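Colleague: Give me coordinates for this.
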Amino acid sequence: MTETRWQVPLSDVVVDDELVEAVLEVVRSGWWSMGPRVEEFEREFAAFCGSAHGIAVANGTAALHLALLAVGCKPGDEVVVPSLNFVAAANTIKHTGAEPVFCDIVGPEELNLDPADVEAAVTPRTKALIVLHYAGYPCDMPAIDEVAERHNLVVVEDAAHAPGASLDGRMCGTLGRVGCFSFFANKNLPVGEGGLIVTDDDELAARLRLLRSHGMTSLTWDRHRGHASTYDVVLPGFNYRLDEVRAAVGLVQLRRLPGENAGRARMAARYRAALEGQKGLTIPFGEEGGRVPSHHLAVVLLPEGTDRAAVRTALDEQGVQTSVHYPPIHTFSAYRSESRRPLPHTDAVAERLLTLPLYGRMTDEQADLVIETLTGALDET
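Modeller: Predicted coordinates:
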């Protein structure tokens with residue numbers, strides 16, 4: 001559902017009879033908390049990724065928090081993370097007691113983290129590295145793995161942008177020790193709120209399941225089915241469970257994900273063909289090598305010195321919604337005191353970033369309106 005004033009919203013979701021019936025079936029069942037549909041969603045999503053385990057959680061932030069805790073992040077540790085990222089990544093590091101150390105991106109053509117700057121950011125206190133596949137484009141994981149192996153770091157994938165993206169035939173989320181996904185309403189697989197963790201590590205999966213639900217050795221669904229009559233608490237966990245309604249939505253959306261990603265790819269190609277190099281615009285990333293993106297975001301870089309606010313206002317007046325992904329984390333008040341490292345490439349693109357509308361059922365006419373309005377706005381600013 002979208003606000004009627006937007007001719008082209010930033011993102012959109014399909015609400016049809018199949019989705020409504022899936023939700024109604026759960027509501028009518030009377031079992032709304034974590035149960036059989038959550039288990040099915042976990043199995044299906046893990047199988048889609050090619051991973052041994054799937055652990056569904058309340059949201060993508062919870063996924064990152066639990067992953068960092070499960071791999072042993074604690075007070076006194078440092079975690080390297082790209083500053084060009086949503087603030088949740090840094091917040092979850094803080095919630096473990098560890099400290100975020102911000103690293104730079106490769107440059108305007110490649111907005112993913114720079115393996116060389118990751119290397120430079122590592123200290124004896126570094127425990128882990130959070131890798132964001134920005135906009136759904138897989139990072140240079142071979143280079144990142146070399147750094148991680150050299151310094152004995154745990155690689156945690158923030159795959160919030162990348163369900164269905166792959167590198168050399170391997171799905172994002174399975175390229176590190178643990179992968180974290182978000183199913184927020186604007187994502188490729190939208191549920192509203194929700195997340196999921198994948199891993200091939202049996203011990204890590206068991207710890208994640210305990211942390212997800214208060215550290216309890218059995219769940220309400222287990223006891224309801226007669227599989228347990230009591231429980232123990234073996235560690236201080238959280239209530240980060242996913243409910244049955246959102247799992248039912250997730251199962252429908254998972255079946256639609258390949259088509260959604262394909263539709264996004266077609267619109268992204270249309271943008272690239274029409275905008276690359278026009279009016280001084282730059283479109284980051286490319287389709288080279290074994291990288292298959294999920295096209296979560298359509299990001300362009302405005303010409304240097306452009307009044308971004310004026311461009312966004314011009315698009316807004318024509319009913320075209322835009323956003324900025326993201327204000328770098330090190331520029332926020334809460335994190336400025338921790339910005340001890342120079343991040344020249346991140347700083348250089350920060351004021352030029354503009355996110356255009358992108359979703360699977362977007363029409364050619366909508367894309368053309370975005371293109372025409374953006375190029376016209378650049379002529380006027």
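
Colleague: alpha carbons only for contacts and neighbour counts from here, please
Modeller: Fine.

Colleague: Got the domain ranges for the chain?
Modeller: As assigned by automatic domain parsing, the chain contains the domains 17-254, 257-380.

Colleague: Out of those domains, indicate the one that is most buried.
Modeller: domain 17-254 (a mean of 20; mean count of other C-alpha atoms under 10 Å).

Colleague: for that one, what is the average pLDDT?
Modeller: If you average the pLDDT over domain 17-254, you get 96.

Colleague: distance between the ends of it?
Modeller: End-to-end distance for domain 17-254, by C-alpha to C-alpha, to the nearest Å: 16 Å.

Colleague: same thing with stretch 161-178?
Modeller: The straight-line separation of the ends of stretch 161-178 (C-alpha to C-alpha) is 15 Å.

Colleague: for stretch 47-56, same thing?
Modeller: Using C-alpha to C-alpha, the span of stretch 47-56 from its first residue to its last is 13 Å.

Colleague: So what touches that stretch?
Modeller: The contact list for stretch 47-56 (C-alpha atoms under 8 Å, 6 or more residues apart in numbering) reads 38, 41-43, 45-46, 164, 171-174, 194-202, 205, 208-209, 241-242.

Colleague: can you do 7 Å?
Modeller: In this structure, residues lying in contact with stretch 47-56 by C-alpha atoms under 7 Å, 6 or more residues apart in numbering are 38, 42-43, 45-46, 171, 174, 195-200, 205, 209, 241-242.

Colleague: same question, stretch 347-362
Modeller: Around stretch 347-362, the neighbours that count as contacts under C-alpha under 7 Å, 6+ apart are 8-12, 108, 260-261, 263-264, 297-304, 308, 321-325, 327-328.

Colleague: if we can go back for a sec, filter the contacts of stretch 47-56 down to the ones in helices?
Modeller: When DSSP state H is applied, the contacts of stretch 47-56 are split such that 38, 42-43, 45-46, 205, 209 fall in helices.

Colleague: of those residues, closest to residue 63?
Modeller: Closest to residue 63 out of these is residue 209 (11.1 Å), distances taken as C-alpha to C-alpha.

Colleague: which residue sits closest to residue 327, ignoring its sequence neighbours?
Modeller: residue 350 (6.5 Å; C-alpha to C-alpha, 6 or more residues apart in numbering).

Colleague: Give me the phi and psi angles of that neighbour.
Modeller: Phi and psi for residue 350, reported as degrees, to the nearest 10, are phi -60, psi -40.

Colleague: same thing with residue 104?
Modeller: phi -90, psi 170.

Colleague: Name the nearest residue to it, sequence neighbours excluded.
Modeller: residue 343 (5.0 Å).

Colleague: Distance to residue 27 for the ones in helices among the contacts of stretch 47-56 - can I get that in a markdown table?
Modeller: Listed next are those as a markdown table, based on distance: C-alpha to C-alpha, whole Å:
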| residue | distance to residue 27 |
| --- | --- |
| 38 | 14 |
| 42 | 20 |
| 43 | 22 |
| 45 | 22 |
| 46 | 25 |
| 205 | 29 |
| 209 | 25 |
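
Colleague: State the distance from residue 117 to residue 304.
Modeller: Distance from residue 117 to residue 304, by C-alpha to C-alpha: 24 Å.

Colleague: ranges for the strands of the stretch 251-381 of the chain?
Modeller: Secondary structure of the stretch 251-381 of the chain (DSSP state E, counting those that start in this stretch): strands located at 291-292, 298-301, 353-356.

Colleague: TSV please, covering those strands and showing distance to residue 218 and mean pLDDT.
Modeller: Formatted as TSV, the strands of the stretch 251-381 of the chain follow (distance: least, C-alpha to C-alpha, whole Å; pLDDT from 0 to 100):
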stretch	distance to residue 218	mean pLDDT
strand 291-292	39	96
strand 298-301	43	98
strand 353-356	44	98
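
Colleague: Format those as a markdown table; extra columns: distance to residue 178.
Modeller: Output for these, formatted as a markdown table (distance: least, C-alpha to C-alpha, whole Å):
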| stretch | distance to residue 178 |
| --- | --- |
| strand 291-292 | 20 |
| strand 298-301 | 26 |
| strand 353-356 | 28 |
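
Colleague: wait, which of those is closest to residue 102?
Modeller: Across those, residue 102 has its closest neighbour in strand 353-356 (18.8 Å, C-alpha to C-alpha).

Colleague: Mind giving me the packing neighbours of the biggest helix by length in the chain?
Modeller: Taking DSSP H as the criterion, the chain has its longest helix at helix 244-275. In this structure, helix 244-275 packs against helix 17-29, helix 36-49, with contacts taken as 3 or more C-alpha pairs under 7 Å, 6 or more residues apart in numbering; DSSP states H and E.

Colleague: contacts for the shortest one?
Modeller: Put plainly, it is helix 17-29. The contact list for helix 17-29 (C-alpha under 7 Å, 6+ apart) reads 32, 244-245, 248-249, 252.

Colleague: Then stretch 316-323?
Modeller: With C-alpha under 7 Å, 6+ apart, stretch 316-323 has contacts from 5-10, 312, 315, 354-357, 370.

Colleague: How far off centre is it?
Modeller: Here stretch 316-323 shows a centroid-to-chain-centroid distance of 23 Å under the convention C-alpha atoms, centre = their mean, to the nearest Å.

Colleague: And stretch 251-264, by the same measure?
Modeller: Using C-alpha atoms, centre = their mean, the offset of stretch 251-264 from its chain centre is 16 Å.

Colleague: next one: stretch 99-115
Modeller: For stretch 99-115, the distance to the chain centre is 16 Å (C-alpha atoms, centre = their mean).
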